[in-house]
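> Give me coordinates for this.
(one chain, ligands or ions: 2)
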Amino acid sequence: MLEFEAALAQVLAAVPLPTSEHVSLSEAAGRVLADQIRSPIDLPVFDNSAMDGYGLRAADTASAKSNAPMRLRLAGRIAAGESFAGEVAAGTCVRLFTGSPLPPGADAVVMQEETRLEPTAPAEVLILSPTVPGENVRSRGGDVKRGSTLSDAGELLTAGRLGLLAAVGLTGVSVGRQPVVGLLATGSELQEPGQPLAPGRIYESNRLALAVLMARAGAVPQTFPLVVDDLAATRLALADACAQCDAIVTTGGVSVGEMDFIKCAFEQVGGELEFWKVAIKPGRPFVFGRCQGKLLFGLPGNPVSALVTFLLLVRPALLRWQGAANISLPVLPGVLAEPLVNDGGRRHFMRVRVDSAGKVYSAGVQASHALSSVAAANGLMDVPANTMFTAGTAVSVLRWD
Ligand code: AMP
Ligand code: MG
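Ligands and ions are numbered 1, 2, ... in the order given. So this is what the prediction gives:
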């Protein structure tokens, strides 16, 4: 039986090198940047005012006081979006607004609240306090210098990063191509929702939950019809998915029972099994194989096992496929609010709920069929075999929601 780290290393080694495609910025959210991006321009693009106020020469305001204001001649007005031909001479100022270009000659902006206008002298502005060069000025290149790195290859395109790329005038980016992943659920007991359950049947739930996790990992899920527990049917379904997709994720049919057909069917369609047991709970049966450059991830059928093994062993592969630099679930510190016990002989990835204060609770029944624990959970805790953590223990939580 493979240790988890060895299994993950073997999966990642089989993932093809990322290839890229060009997409518009509006389609790039959540995608992985393929190339480093340098800024073609400075940000701010030009020196501009951070305030509604008056552009002037700071030296002119040195002796300004509220009881002895400095009088400057109002030489013009520049709204945001306008430009100014003249120069601000000594003893003058120009009306500016937030984002107005700072005119030549001016080196500071006095905010409106530090000034006064007198109805009797409309061409004059009274400056009530001294200012220094650079005050309330957003300098050209102060945020981003032309040629500097905006984003590196492998980074995820978040709203903030996309905003920055738009601000420097880019309209598109090169991103990692997304693997299309066939999603199959096996089990003769499974029924599509929408009909009353026949005796002995259960509603199928893995494909929906896994499709969500896949899409969040940037892959494109392609859901296939339910597969009954039959060797020929499984073979057909695998061959079909293999022909259409870059990878296949199946659930169920990977245990040792005589109704578990995934391994055998996969080999019969030309696949090679790399491993089918990982020393973790949930997920001891977990099949990984390759077939003509396509990858097979055979997840256990139990819904908890399927989701947890997906997060631990499939999600990293899908992210690596797109060239992502960071493929691990985020690890956050927390403190156990109650004891957490793994009394089994296998490393257990237990479902936990972390609240906003970092307090960690068990997400409920830890059995691998218990979907309520997945619904309540937002994290996993890696608990070694035969271990009891007492309340108050500082722990690390793998966040997944
Ligand atoms: P298996 O791995 O095929 O032995 O299935 C293990 C358990 O998970 C059985 O109780 C199945 O009924 C259940 N199960 C398998 N696949 C699904 C599914 N897609 N949705 C919900 N339950 C499932
Ligand atoms: Mg089954």
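
> So which residues on the protein come close to ligand 2?
Residues of the chain that fall close to ligand 2, judged by C-beta under 5 Å from the ion: 187, 252-253, 301. Where C-beta positions appear, they are placed from N, C-alpha and C, glycine not excepted.

> Please repeat the previous calculation with a cut-off of 8 Å.
186-189, 229, 252-253, 255, 257, 259-260, 301 (C-beta under 8 Å from the ion).

> Report the buried members of those residues.
Among the residues of the chain next to ligand 2, those classed as buried by 16 or more other C-beta atoms under 10 Å are 186-189, 229, 252-253, 260, 301.

> give the contact list for the closest residue to ligand 1 within the stretch 201-350 of the chain.
Across the stretch 201-350 of the chain, no residue is closer to ligand 1 than residue 301, which sits at 2.6 Å (C-beta to the nearest ligand atom). Contacts of residue 301 were listed using C-beta atoms under 8 Å, 6 or more residues apart in numbering, and they are 185-187, 206, 251-254.

> tell me which element it is part of?
Using DSSP states H and E, residue 301 is not contained in any helix or strand.

> One more: residue 372?
The secondary structure element spanning residue 372 is helix 371-376 (assigned by DSSP H and E).

> need the residues of the stretch 101-250 of the chain near ligand 1, please.
185, 187, 189-190, 202, 204-206 (C-beta under 6 Å from any ligand atom).

> returning to what we had before: summarise which helices and strands the helix holding residue 372 is packed against.
Helices and strands in packing contact with helix 371-376 are listed as helix 303-309, strand 347-354; criterion 3 or more C-beta pairs under 8 Å, 6 or more residues apart in numbering; DSSP states H and E.

> Could you check how far the longest one is from the centre of its chain?
If I follow you right, that is strand 347-354. The chain centroid and the centroid of strand 347-354 are separated by 22 Å, computed with C-alpha atoms, centre = their mean, to the nearest Å.

> repeat for stretch 337-347
In terms of C-alpha atoms, centre = their mean, the gap separating the centre of stretch 337-347 from the centre of its chain is 30 Å.

> In this structure, which helix is the longest?
Secondary structure of the chain per DSSP state H: the longest helix is helix 231-244.

> can you pull the buried residues of that one?
For helix 231-244, burial by neighbour count (16+ other C-beta under 10 Å) applies to 233-235, 237-242.

> Pick the one among these closest to ligand 2.
Of all the buried residues of helix 231-244, the one with the least separation from ligand 2 (C-beta to the ion) is residue 234, at 10.6 Å.

> OK, contacts around that closest one?
With C-beta under 8 Å, 6+ apart as the criterion, the residues that contact residue 234 are 186, 227, 253, 261-262, 264-265.

> who touches residue 172 in this structure?
With C-beta under 8 Å, 6+ apart, residue 172 has these contacts: 22-25, 28.

> secondary structure class for residue 162?
Assigned by DSSP: H, G, I helix; E, B strand; the rest coil, the conformation of residue 162 is helix.

> Skip ahead from the helix holding residue 372 and say which helix or strand is next.
As the chain continues past helix 371-376, the following element, by DSSP H and E, is strand 379-383.

> which SSE is residue 213 in?
Taking DSSP H and E as the criterion, the element that holds residue 213 is helix 206-216.

> helices and strands around that helix, which ones?
In this structure, helix 206-216 makes packing contacts with strand 180-185, strand 220-223, strand 247-251, helix 303-309, judged by 3+ C-beta pairs under 8 Å, 6+ apart.

> Quickly compare the ones you listed and say which is most buried.
Of the helices and strands packed on helix 206-216, the one with the most neighbours on average (mean count of other C-beta atoms under 10 Å) is strand 247-251, at a mean of 28.

> Now the residue of the chain positioned farthest from its centre: which helix or strand?
No residue in the chain has its C-alpha farther from the mean C-alpha position than residue 120, which lies at 58.9 Å (C-alpha atoms, centre = their mean). In this assignment (DSSP H and E), residue 120 forms part of neither any helix nor any strand.

> what do you get for residue 21?
Counting by DSSP H and E, residue 21 is found in strand 20-24.

> hmm, back to that, now do the same for the longest helix of the chain: mean pLDDT, whole number.
Per-residue pLDDT values across helix 231-244 average out to 97.

> What distance do you get for the closest residue to ligand 2 within the stretch 51-200 of the chain to residue 221?
With distances taken as C-beta to the ion, the stretch 51-200 of the chain approaches ligand 2 most closely at residue 187, which sits 3.9 Å away. Between residue 187 and residue 221 the distance, using C-beta to C-beta, to the nearest Å, works out to 19 Å.

> try residue 60
65 Å.

> now swap in residue 190 and tell me
As defined by C-beta to C-beta, residue 190 lies at a distance of 17 Å from residue 221.

> One more: residue 333?
As it turns out, when the distance is counted by C-beta to C-beta, residue 333 lies 32 Å from residue 221.

> Residue 353 too?
Between residue 353 and residue 221 the computed distance is 26 Å (C-beta to C-beta).

> Also residue 234?
Relative to residue 221, residue 234 is positioned 20 Å away (C-beta to C-beta).

> in a strand, that's where residue 93 is, yeah?
Yes: residue assignment for residue 93, taken from three-state DSSP, places it within a strand.

> beta partners of it?
Listed beta-bridge partners, residue 93: residue 74 (assigned using DSSP bridges).

> Is it in contact with residue 75, as I believe?
Yes: at 6.7 Å, residue 93 counts as touching residue 75 under the criterion of C-beta atoms under 8 Å.

> The two - which one has more neighbours?
When neighbours are counted by other C-beta atoms under 10 Å, residue 93 comes out ahead of the other of residue 93 and residue 75, with 30 against 23.

> show me the contacts for the closest residue to ligand 1 within the stretch 51-200 of the chain.
Distance from ligand 1 to each residue of the stretch 51-200 of the chain (C-beta to the nearest ligand atom) is smallest for residue 185, at 3.7 Å. Going by C-beta under 8 Å, 6+ apart, residue 185 touches 204, 206-207, 226-227, 250-252, 301.
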